[in-house]
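Asker: sequence and predicted model, in that order:
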Amino acid sequence: MLGERIRKIRKQKKMTLEELAGDALTKGMLSLIENNKANPSMESLHYIAERLGVEVSDLLEEISTQELRKTLDIAEELYNAKKLSETETAFKDTDKDKEIISLIKPYISSLTQGYESARLLDIYSRSLYNEKVAGWQKFSEQAADIYDQMNLTSQRAAIGILRAHEKFIDHHYDQSLEIFLNERAKIEDNHAYIDPKTRLDLDYQEAVLYFAVGQTEAATHAMERAIAYSKKHRIFYRIDDLYRLAAGYAMITKDTDKKLYYSNKLRQYGEFADDQYSILFYHLMMIETLTSNHEYAKAIQKINQCLADSNIFEILKFYFYIEKGKALYGQDRYEEALHCFEKIGIPKFTHHPIDLSLFYVVDSYKALCHLNLKNWDEALQFAKLAVDHFEPMPGNSLKEFAKETYNQIRKVAKEE
């Protein structure tokens, strides 16, 4: 009720009835208003709002903008703490989403307009999504509508990317691309101006999804368009992601020149921005070149140097172990290679076919190690596992390697 809201804000401001009444109202009249026994005129309502330091709408609404802002501050703090926690713990589960849901849920019916409402709905829907609660899309759509009305392009684009991501993590890459392209079309239709960072986000996601479905020409076009735009406008946002994507794709397609070109670009960026992740990724690309050229001793030496770095990112350790296992296999050190491969696990947030291919092919190398150790059953088992994992994925050199390995082992195992 109006009177209760006035009283609540007055007490929050630590004001007496006399202080709020001032010269324009009597203490008695204000008491009647606070007890809902009298309705103030619009003139009096504006006077009360001014004395309280709030908007008239805050008094008329069930939930004040001030209260929503305070709630949003807490929600943002929890949301950002969750992201930081995920980064530091290799994306382990946290309870932050449950806290966010409990915090925002009581306000849901009042979130109808304004930035605070849109952002709270956005965060709420993301937490529901993370907790796998059905119906999160409804709140995401409400947030998107408000963002559109307020012309908040970057926030609206983030929702479109999330909708596509839902299918992406289930490995429904074609559906994910279709959703993303539809979302991008809506954003471009409804928003006359798209800021540079949002444009780069959209181009990067488009390239990622085109690569995922095997449409390499469209993917390369989107990726190179984004890189050219970034260079032209001297915007370094997303440039490291784009260089990693380009170098990774060049590696998997065995385009040595492009792999070297984009790896060096990534190294230059890493040195310029003091970005350790980019520098380590560059070293990973160079190590992969050594193993591809059968320079196994050099590769192992460099891998051990990188793994000894106390600042190495947990996720990158798996990729270095992959290369070390391959190098050990190349040196006919099959038992050691198997021991190295056993340290590798696919992180739960790895979903792109390029990344998955690098992990799936490990089973092919395990199979080859067992083949050379004359463990026929194990060799056939791992070779078949690799082929099964690759089956629904777009074609690439690692998928072909897995098929060739399986056929080779089947033939040898049959003869034995």
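Answerer: That came in fine, so what should we check first? Just so you know, these numbers come straight off a predicted model, no measurement behind them. Numbers count the residues shown, from 1 in each chain.

Asker: residue 363: neighbour count?
Answerer: Using other CB atoms under 10 Å, residue 363 has 23 neighbouring residues. The C-beta positions use only the backbone N, C-alpha and C, and glycine is treated the same way.

Asker: return the distance of it relative to residue 18.
Answerer: 79 Å (CB to CB, to the nearest Å).

Asker: tell me what the one helix or strand residue 319 maps to is packed against?
Answerer: In this structure, residue 319 sits in helix 314-330 according to DSSP states H and E. Judged by 3 or more CB pairs under 8 Å, 6 or more residues apart in numbering; DSSP states H and E, the packing partners of helix 314-330 are helix 276-292, helix 296-307, helix 334-341, helix 353-372.

Asker: average pLDDT for that helix?
Answerer: Across helix 314-330, pLDDT averages out at 95.

Asker: and what of stretch 72-88?
Answerer: 76.

Asker: what's the answer for stretch 204-215, then?
Answerer: Computed over stretch 204-215, the average pLDDT equals 94.

Asker: likewise for stretch 385-396?
Answerer: So the average pLDDT for stretch 385-396 ends up being 91.

Asker: and for stretch 239-252?
Answerer: Stretch 239-252 comes out at a mean pLDDT of 90.

Asker: which non-adjacent residue is nearest residue 36?
Answerer: The shortest distance from residue 36 to any residue other than its chain neighbours is 4.1 Å, reached at residue 3 (CB to CB, 6 or more residues apart in numbering).

Asker: do I have it right that that neighbour meets residue 29?
Answerer: No. Applying CB atoms under 8 Å, one finds residue 3 not in contact with residue 29, separated by 11.6 Å.

Asker: these two: who's more crowded?
Answerer: Between residue 3 and residue 29, counting by other CB under 10 Å, residue 3 is the more crowded of the two (19 against 16).

Asker: how about the helices and strands packed on helix 314-330 in CSV, adding mean pLDDT and distance to residue 118?
Answerer: Putting the helices and strands packed on helix 314-330 into CSV (pLDDT from 0 to 100; distance: least, CB to CB, whole Å) gives the following:
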stretch, mean pLDDT, distance to residue 118
helix 276-292, 95, 32
helix 296-307, 96, 44
helix 334-341, 97, 47
helix 353-372, 95, 33
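
Asker: highest mean neighbour count out of these?
Answerer: Highest mean neighbour count among the helices and strands packed on helix 314-330 (mean count of other CB atoms under 10 Å): helix 353-372, with a mean of 22.

Asker: what's the angle from that one to helix 314-330?
Answerer: 30 degrees (axes from the mean of the first three to the mean of the last three CA atoms, to 10 degrees).

Asker: hang on, the earlier thing: what is the orientation angle of the helix holding residue 319 with helix 276-292?
Answerer: Using the same axes, to 10 degrees: helix 314-330 against helix 276-292 is 10 degrees.
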